[in-house]
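In: Sharing a sequence plus its predicted fold:
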Amino acid sequence: MEVLDVASPFLDARSYLVDRAASTQEEAKRLASRWEAEGGEPAFPPGSLVAAEEQTEGRGRIPGRRWASAPGESLLFTIRLPAETALLHALPLRIGAAVCAAASDLASSIGASFREPPRVKWPNDLMLGDGKACGVLCEAGRLGVFAGIGVNCNQRAFPADLGGRATSIAIGLGRNVDRWALLELILERTRLSFEGPSWRESVERLLWRMGEEVSFLPGPAAEEGREGERVRARLAGIDERGALLLERADGSVGAYLSGELRA
């Protein structure tokens, strides 16, 4: 493990890089737990992160789904957030919107533009068109709040079993990008996402398939990786909890806190 030299807007935060990790989420929890057990100076205070060049057991929100990544091509990290962020509504959506904004910031900084602008897919993904470029997994527990973020940065090819559902920042921009420059932008946008009351409007402006008819598999079937009866409805937005709002043909609106959204 080595110190990662990136700028962070979080006071006293530390950043680390490992060549290979099973999961940056578990690595971050281990660092936080070690400091708690040993006492002394915090080695992993809130705002700190651990990144990996390669992750072998990255996981998604739905059981059985893994995050595949070749060494050195993705931005893979987990940040320990202040404990009070556990009280924030729709934390994965907020962070997803922050990653979207950071990707757009990066494109502007290098004089490039996306073929299709980054969008937040409810509840925790970044989409470029119909391809997933980033996933966010938030977990809260005794040691605090941990947000695991995986961004496909410079990949040009993906495993066949993904069926064309994945893409990358490089594909979207038509050029490779600096992963650590993107990380710094994500950290700044994440910090800003905790400020002010307008998070819901910010997320809705970036919401994938907003106003369109979509297919939705309500939880718990989706959360357990099972198929079930899907709902066809118009995506009407999100509520103050971050629940997905779907308008049915009869004009009624349903709010869903869990499930899987498809085009």
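Out: Perfect, I can see it now. Residues are numbered from 1 along each chain as shown.

In: Please make it C-alpha for all contacts and neighbour counts, starting now.
Out: OK.

In: mind listing what's buried in the worst-scoring helix or strand of the chain on mean pLDDT?
Out: The helix or strand of the chain with the poorest confidence is helix 24-38; it has a mean of 85 (mean pLDDT, DSSP states H and E). Under the neighbour-count criterion of 16 or more other C-alpha atoms under 10 Å, helix 24-38 has T24, Q25, E26, E27, A28, K29, L31, A32 buried.

In: same check, this time on stretch 234-242
Out: Judged by neighbour count (16+ other C-alpha under 10 Å), stretch 234-242 contains these buried residues: R234, L235, A236, G237, I238, D239, G242.

In: Provide the contact partners of it at residue level.
Out: Residues outside stretch 234-242 that contact it (C-alpha atoms under 8 Å, 6 or more residues apart in numbering): 89-90, 93, 200, 204, 207, 209-214, 244-248, 255, 257.

In: Can you say which of those residues are buried?
Out: Buried by 16+ other C-alpha under 10 Å: 89-90, 93, 200, 204, 207, 209-210, 213-214, 244-248, 255, 257, out of the contacts of stretch 234-242.

In: Quick check: chain neighbours aside, which residue is closest to L183?
Out: Of all residues not flanking L183 in the chain, L75 sits nearest, at 7.5 Å (C-alpha to C-alpha, 6 or more residues apart in numbering).

In: same thing with P92?
Out: Using C-alpha to C-alpha, 6+ apart and skipping the chain neighbours, the partner closest in space to P92 is N124 (5.1 Å).

In: any idea how far R20 is from that neighbour?
Out: According to C-alpha to C-alpha, to the nearest Å, N124 stands 24 Å off from R20.

In: Chain neighbours aside, what residue packs nearest to the residue nearest in space to the middle of the chain?
Out: Nearest to the mean C-alpha position of the chain, by C-alpha atoms, centre = their mean, lies V136 at 2.5 Å. Leaving aside its sequence neighbours, V136 sits nearest to I149 (C-alpha to C-alpha, 6+ apart; 4.7 Å).
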